[in-house]
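**Student:** Quick one: sequence plus predicted model below, questions after.
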Amino acid sequence: MPDVILKNLPFLLSGLRLTVEIAFWSILGGTILGLAIGIVRYLRTPVLAQLFALYVGFVRGTPLLVMVFICYFGLPVLLAYKTSAYAAAIVGFILFIAAYLAEDIRAGLRSVRPGLVQAALATGLTRLQVVRLVVVPIAVRNVIPTLFNQYVRLFKFTSVASVIGVNELTGSAMLVNGREFAPITIIGFIALTYLVLCLAISSVGRVLYARLAVKT
Amino acid sequence: MPYKLDWVPIWNNRDLIVEGFLTTIALSAAGLVLALLIGVAVGTAGSSRSRVARSCAAGYVELMRNIPLLVHMYFWYMGLAFLRLPPFACAVAALALYSGAYVAEVVRSGIGAVPQGQRLAALATGLTPMQAFLLVIYPQALRIVMPSLASVISQLIKDSSLASVITVAELTYEATAIEGQTFRTFEVYIVISLLYLLLASIVTYGMMLLPGAREDAVQSSSNA
């Protein structure tokens, strides 16, 4: 490994840790919110479903950078609360990725065969029980590949947090570059790190899908 | 709510917003043309029968797709700073290489969705392989993948916002500038969000209006 990287490795690794943390919380929060939105839209709950449809349409048409700016600069002013760049980035990522995950999950819910739903209803389960016990488990397993695509996308998008001053991997690399000025080496190093981690996330998805997918 | 919405400063800065919007359109258009060229070339290689071509294409796609666009941008802007490329060119290069990988995957799946018989029949009628691709396979593949292509393109338009980080004066950049001067944070970001939404929607709906985009997608999936 080149000297520049070795010398600054502890700092870059602390950036990497922050990246992983941000990605983890965003994935967790985004999946939960996405699942909720997806289910509400699947069940066509009045009012809520329409509101979420608007939300999904708005977010999917907005760049992530703008979303992060809104969460860092806009919302705190509008609602009068204080936030850190770190928290704002996570909130922005959650709000952003949840819209995409919700659409994928809804597609998965709708792909569950109607026969299964009718059979479940016929056994006496209530509508909510059918969703919780039959439709969601099958749907989520079947959309694992698309979910993990979104996770990889999100993982790459965490680099955007550097723009609002979070010193995650990209941010810390830019700081190191400011001191050392070895842009090709440093950018090459973080590019490689992202590449390896993204490939790792995709392979986790592939393994999970191979194990859990429902063969119908 | 302690915060009073005030849209006047935004309206007063409309020139900047329009200018930024036009730059965003130019940036996306330039990135898109290059991304389509790269995507068609790599996607065709990815669906060829030569193993070498296939692995080269796969290598390109994995390499480009798994590195954040921001890092692509920094690479062209800072890594290759000695080339002294203007920021706009850096952003176009980064966007094109990054989105090209996504387009390549879409093209590859489209070519794969055109039945083998089409290619064989085209060759049997005496078309050269090149003609078979241009006249028979690409037109059918294009219609099949139109929805995915539209989503990749709207992705590209939104991704172009990252060019603001390397000082390209596009919509997001102008928005931060206006925000810095007027402190109308919420208003300005809502306005540019809606502009992005508008642009992405126009492009997506426009593409779906192309003849055959919808019907062929339905047909080919029911034939498969």
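**Tutor:** All right, it came through fine.
**Student:** Tell me which residue in chain B sits closest to chain A.
**Tutor:** In chain B, the residue that lies nearest chain A is residue B:197 (3.2 Å; Cβ to the nearest Cβ). (C-beta placed from N, C-alpha, C; glycine too.)
**Student:** And the host helix or strand of residue B:29, what's buried?
**Tutor:** Element membership for residue B:29 (DSSP states H and E) is helix B:14-46. By neighbour count with 16 or more other Cβ atoms under 10 Å in any protein chain shown, helix B:14-46 contains the buried residues B:16-17, B:20-21, B:23-25, B:27-28, B:30-32, B:34-36, B:38-46.
**Student:** Equivalent analysis for stretch A:184-193, please.
**Tutor:** Neighbour count says stretch A:184-193 has A:185, A:186, A:187, A:188, A:189, A:190, A:191, A:193 buried, by 16+ other Cβ under 10 Å.
**Student:** Keep only those of those that are also close to chain B.
**Tutor:** Among these, the ones lying near chain B by Cβ under 8 Å from any Cβ of the partner chain are A:187, A:188, A:190, A:191.
**Student:** what residue ranges in the chain are flagged as low confidence?
**Tutor:** Just going to use chain A. A:215-216 (pLDDT under 70).
**Student:** if you could check chain B rather than the one you did, that'd help
**Tutor:** B:1-2, B:212-224.
**Student:** now the helices for it?
**Tutor:** Applying DSSP state H to chain B gives helices spanning B:8-12, B:14-46, B:51-65, B:69-74, B:87-113, B:116-124, B:129-131, B:138-159, B:171-182, B:185-209, B:213-223.
**Student:** Show me what the longest one is packed up against.
**Tutor:** When you say that, I think you mean helix B:14-46. If contacts are counted by 3 or more Cβ pairs under 8 Å, 6 or more residues apart in numbering or on different chains; DSSP states H and E, helix B:14-46 sits against helix B:51-65, helix B:87-113, helix B:138-159, helix B:171-182, helix B:185-209.
**Student:** can you put those in TSV and add distance to residue A:65 and mean neighbour count?
**Tutor:** Output for these, formatted as TSV (distance: least, Cβ to Cβ, whole Å; neighbours: other Cβ atoms under 10 Å in any protein chain shown):
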stretch	distance to residue A:65	mean neighbour count
helix B:51-65	19	16
helix B:87-113	13	23
helix B:138-159	9	21
helix B:171-182	6	21
helix B:185-209	10	19
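**Student:** contacting residues around residue 136?
**Tutor:** I went with chain A, as the question did not name one. A:35, A:39, A:109 (Cβ atoms under 8 Å, 6 or more residues apart in numbering or on different chains).
**Student:** Chain B is the one I meant
**Tutor:** B:118, B:119, B:121, B:122, B:127.
**Student:** Tell me, how many residues neighbour residue A:165?
**Tutor:** 13 (other Cβ atoms under 10 Å in any protein chain shown).
**Student:** just checking, residue A:193 touches residue A:15?
**Tutor:** No - using Cβ atoms under 8 Å, residue A:193 is not in contact with residue A:15; the gap is 9.6 Å.
**Student:** picking up where we left off before, drop anything exposed from the contacts of residue B:136.
**Tutor:** Buried among those (16+ other Cβ under 10 Å): B:119, B:122, B:127.
**Student:** Out of these, which comes closest to residue A:48?
**Tutor:** residue B:119 (49.1 Å; Cβ to Cβ).
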